[in-house]
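*Asks:* What follows is a predicted protein model with its sequence.
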Amino acid sequence: PVSDAKEFTSPSSNVGFLMKEAKSGLLFRICCSPQTARQHSYVPEPGFRKGLEASKDRLITDRMVEFGIYDVNMYGSVYNSRNVKFLNLIMGEKSENLEKLLALLNVKFVASSRQPELTGFKLVNQSQPANLYKAERFLERAFLVGNPIVIKDEYEILKRLSEGDFDPANDVILEDNENLGDRFILMPTPQHKPVPTDKAEITSYAPNKIIIEANVSGSPKFLVLSDTYYPGWKAIVDGKYQKIIRADYILRAVYLAPGSHHVEFIYSPMSFKLGIIISLLTLLIILTSVVYYNIIIK
């Protein structure tokens, strides 16, 4: 059915609330409850337009793109297998650590058509399709942790995340510690917990480049960025390239020694560079052919 563009992109009650919240400059993500997502699969509203409007307040996947609101479910057509498995811990059967998993993924707001079975969430906006609930505690998009836990088996990692005594504010699960050597004691000890002077602040956040200013006190820490670990991303710490570590199954992290650090995450895949080279060579061949045809043949 034809829909007016302004009607499609006009903020609904919950969206308007979230857009005002986003103006504060603090990055956050949103999520709809599993029950709300299932409810929208059969669209209880009468008529296409009312159903389309209700999808905004339910924070249905992909509807937040035009409003610049970050959805924990990402964009619906670009899932990878690890993300799907991780999100199944949230959207599938209830895990023991559901609140912790939401906090780890920077989720600040949840839309639900009924009171969510979560602790630490309060009602902040009422809407007919779904109410909006705010997390009293959530982790920022970039944060520092001091307790590394090495688990190499994927199943065991997911189990620890959903059932174990995992605390995302203090712990980070790593799958590879070969490049750390003796620089970090891989045992959870009290002195490795973040201290009040530890700080990680995102100063620039763009699709292909993220800049973070971090300060590490006491013992070394891991800077965790709750964005997807994906080939092509590179990390530059204080002007030097550094390995990005896969953290907590799907996220990115870099090791930081005590002190102040300037960290950049840059998306620079080899496929993109090859594409540029091939395009330039193709252009050169076309131009050469045109010149040859006009000068030699004519």
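*Replies:* Yep, it's here.
*Asks:* what about Asp62, helix or strand, and which?
*Replies:* For Asp62, there is no host helix or strand (DSSP states H and E).
*Asks:* how close does it get to Tyr133?
*Replies:* As judged by CB to CB, to the nearest Å, Asp62 and Tyr133 stand 21 Å apart. Yep, even glycine has a C-beta here, placed from its N, CA and C like the rest.
*Asks:* check contacts around Phe8.
*Replies:* Phe8 is in contact with Leu52, Glu66, counting by CB atoms under 8 Å, 6 or more residues apart in numbering.
*Asks:* If you count surrounding residues, which of Asp62 and Tyr133 has more?
*Replies:* Taking other CB atoms under 10 Å, Asp62 and Tyr133 do not tie; Tyr133 has more neighbours (21 against 13).
*Asks:* quick one: contacts for the more buried one?
*Replies:* By CB under 8 Å, 6+ apart, the residues touching Tyr133 are Phe109, Val110, Ala111, Ser112, Pro116, Leu118, Phe121, Lys122, Leu123, Val124.
*Asks:* which helix in the chain runs the most residues?
*Replies:* Assignment by DSSP state H gives helix 270-292 as the longest helix of the chain.
*Asks:* Which other helices and strands does it contact?
*Replies:* For helix 270-292, there is no helix or strand it packs on, judged by 3 or more CB pairs under 8 Å, 6 or more residues apart in numbering; DSSP states H and E.
*Asks:* what's the offset of it from the middle of its chain?
*Replies:* Put simply, helix 270-292 sits 35 Å off its chain's centre (CA atoms, centre = their mean, to the nearest Å).
*Asks:* One more: stretch 114-126?
*Replies:* 22 Å.
*Asks:* now that stretch: mean pLDDT?
*Replies:* Regarding stretch 114-126, the rounded mean pLDDT is 88.
*Asks:* all helices for this structure, in order.
*Replies:* Under the criterion DSSP H, the chain contains helices at 5-9, 13-22, 34-41, 48-57, 81-91, 98-104, 154-163, 270-292.
*Asks:* These: lowest mean pLDDT?
*Replies:* Looking at the helices of the chain, the bottom one is helix 270-292 with a mean of 76.
*Asks:* Next, the residues that contact that helix from outside, please.
*Replies:* Gly232.
*Asks:* so who does His262 touch?
*Replies:* Applying CB under 8 Å, 6+ apart to His262 gives the contacts Ile211, Ile212, Glu213, Val237, Asp238, Gly239.
*Asks:* Rebuild the residues you listed as JSON lines, extending it with pLDDT, distance to Leu18 and neighbour count.
*Replies:* JSON lines is the format used below for the contacts of His262 (pLDDT from 0 to 100; distance: CB to CB, whole Å; neighbours: other CB atoms under 10 Å):
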{"residue": "Ile211", "pLDDT": "98", "distance to Leu18": "24", "neighbour count": "16"}
{"residue": "Ile212", "pLDDT": "98", "distance to Leu18": "24", "neighbour count": "22"}
{"residue": "Glu213", "pLDDT": "97", "distance to Leu18": "26", "neighbour count": "15"}
{"residue": "Val237", "pLDDT": "97", "distance to Leu18": "33", "neighbour count": "19"}
{"residue": "Asp238", "pLDDT": "97", "distance to Leu18": "35", "neighbour count": "13"}
{"residue": "Gly239", "pLDDT": "95", "distance to Leu18": "37", "neighbour count": "7"}
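*Asks:* Counting only strands, which of those residues make the cut?
*Replies:* The strands, defined by DSSP state E, take in Ile211, Ile212, Glu213, Val237 from the contacts of His262.
*Asks:* nearest to Tyr79, of those?
*Replies:* Ile212 (25.9 Å; CB to CB).
*Asks:* and the nearest residue to that closest one once chain neighbours are set aside, how many neighbours?
*Replies:* The shortest distance from Ile212 to any non-neighbouring residue, by CB to CB, 6 or more residues apart in numbering, is to Val263 (4.4 Å). Other residues within reach of Val263, judged by other CB under 10 Å, total 21.
*Asks:* Many thanks, we can stop here.
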